[in-house]
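S.K.: I would like the atomic coordinates for the input below:
(one chain, ligands or ions: 2)
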Amino acid sequence: MRTTHETADLGAAYRRSGWCAPPERLTADAVEKLRRTVDRISAQDRPEIVYEAGQPVVRALHGCHRFDEVCERVVRLPLFVDLAETLLGGPVYVYQFKVNMKQPFEGAAWPWHQDFVFWHREDGMVAPDAVNIAVFLDGVSGDNGPLRVIPGSHELGIVDGGAADAEPSHDWRRHVAATLEYTVPDEVAEALAAGSGTESLTGPAGTVVAFHPNIVHCSSNNASAYRRAVLLITYNLVSNAPAAPTRPEFLVSRDSTPITRADSNVL
Ligand code: 6CS
Ligand code: FE
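M.R.: Ligands and ions are numbered 1, 2, ... in the order given. Purely as a prediction, here's the structure:
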């Protein structure tokens, strides 16, 4: 159980930098169970699976909590729900669930971007009162395409990268591909990073990291022989649920009833 002091520190780090990493990790058994689940789902033929451009290589899985019982439970672990409600200050539900695979050699980049831009412009989410909780299913190092963030950039609101004047495609495939529809141009991101630098979120399998919907972040291609699969649960304040999202339900949950915690953190 985390002390009140540790919880206060996490909230302070999150508000200051736009991300934080609780000391608790997912157990090796739970990680192994999730890896087997991800491998099983990846072998299926279903619309929730997105592939790398022009290749039979899985880029990401979406909405698995809606059809897989292991994923349905993992989103309810008190470790994650407590963290989300501590950082957001109220009852939450699962807005989005994905596993970004970042396969060895083939895992393509995610350009600099802010997540809230997609949820605001495509789904009608009013405020960035959501939080991404990432769980590393593989070890993440500097070599296999770690998530890179610009600390403090979460306080800038939407960093307009010029995409605002382009006519939106409303094609969800452009929201999950390496050629993202809404990006922060490299030169804008580099100017922001000149002030605060960038931080790579690395750690062993089981590591948990929370990051803000507006933090500017990216990840490079994975040129290594080591997969970098990361499971991402986006929790949203129940009070911030978009009124009428239209993207597929595996990207945007329609059920905004408060989530019920599992009885323990055992998966
Ligand atoms: O469009 C979305 O919902 C997804 N796309 C990106 C690039 N980040 C947010 C989210 O995972
Ligand atoms: Fe993102």
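S.K.: what helix or strand is Arg73 located in?
M.R.: helix 69-74 (DSSP states H and E).
S.K.: so which elements touch that helix?
M.R.: helix 28-42 (3 or more C-beta pairs under 8 Å, 6 or more residues apart in numbering; DSSP states H and E). Every residue, glycine included, has its C-beta placed from N, CA and C.
S.K.: quick one: low-confidence ranges for the stretch 1-150 of the chain?
M.R.: 1 (pLDDT under 70).
S.K.: and it, which residues reach ligand 1?
M.R.: 96, 98, 113, 115, 118-119 (C-beta under 6 Å from any ligand atom).
S.K.: circling back: which outside residues touch the helix holding Arg73?
M.R.: Residues from elsewhere that reach helix 69-74 (C-beta atoms under 8 Å, 6 or more residues apart in numbering): 30, 33-34, 37, 64-66, 80, 97, 135, 231, 233, 262, 267.
S.K.: number of residues surrounding Gly203?
M.R.: Neighbours of Gly203 under the rule other C-beta atoms under 10 Å: 16.
S.K.: state the pLDDT value of it.
M.R.: pLDDT recorded at Gly203 is 98.
S.K.: correct me if wrong: it contacts Phe136.
M.R.: Yes - the criterion here is C-beta atoms under 8 Å, and Gly203 meets it with Phe136 at 5.9 Å.
S.K.: got any residues that touch both of those two?
M.R.: Val209.
S.K.: which stretches of this protein form strands?
M.R.: 19-20, 49-51, 58-62, 92-100, 110-113, 130-136, 147-149, 199-201, 208-211, 217-219, 230-237 (DSSP state E).
S.K.: ok, which of these comes nearest Glu6?
M.R.: strand 19-20 (10.7 Å; C-beta to C-beta).
S.K.: packing partners of that closest one?
M.R.: helix 4-17, strand 208-211.
S.K.: so is stretch 203-214 next to ligand 1?
M.R.: No - legend: contact between stretch 203-214 and ligand 1 by C-beta under 6 Å from any ligand atom is lacking; minimum distance shown is 8.1 Å.
S.K.: starting at the chain centroid, how far to that stretch?
M.R.: Put simply, stretch 203-214 sits 8 Å off its chain's centre (C-alpha atoms, centre = their mean, to the nearest Å).
S.K.: same question, stretch 29-41
M.R.: For stretch 29-41, the distance to the chain centre is 18 Å (C-alpha atoms, centre = their mean).
S.K.: could you export that stretch as PDB, CA atoms only?
M.R.: Below are the C-alpha coordinates for stretch 29-41, written out as PDB (Å, rounded to 0.1, in the frame of the first residue of the first chain):
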ATOM      1  CA  ASP A  29       3.400 -13.700 -13.600                       C
ATOM      2  CA  ALA A  30       1.000 -11.000 -14.600                       C
ATOM      3  CA  VAL A  31       3.300  -9.700 -17.300                       C
ATOM      4  CA  GLU A  32       3.800 -13.300 -18.700                       C
ATOM      5  CA  LYS A  33       0.000 -13.800 -18.700                       C
ATOM      6  CA  LEU A  34      -0.500 -10.600 -20.600                       C
ATOM      7  CA  ARG A  35       2.200 -11.500 -23.100                       C
ATOM      8  CA  ARG A  36       0.500 -14.800 -23.800                       C
ATOM      9  CA  THR A  37      -2.800 -13.000 -24.200                       C
ATOM     10  CA  VAL A  38      -1.300 -10.500 -26.600                       C
ATOM     11  CA  ASP A  39       0.200 -13.300 -28.700                       C
ATOM     12  CA  ARG A  40      -3.100 -15.100 -28.800                       C
ATOM     13  CA  ILE A  41      -5.000 -12.000 -29.900                       C
END
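S.K.: before I go, just wanted to say thanks for your time.
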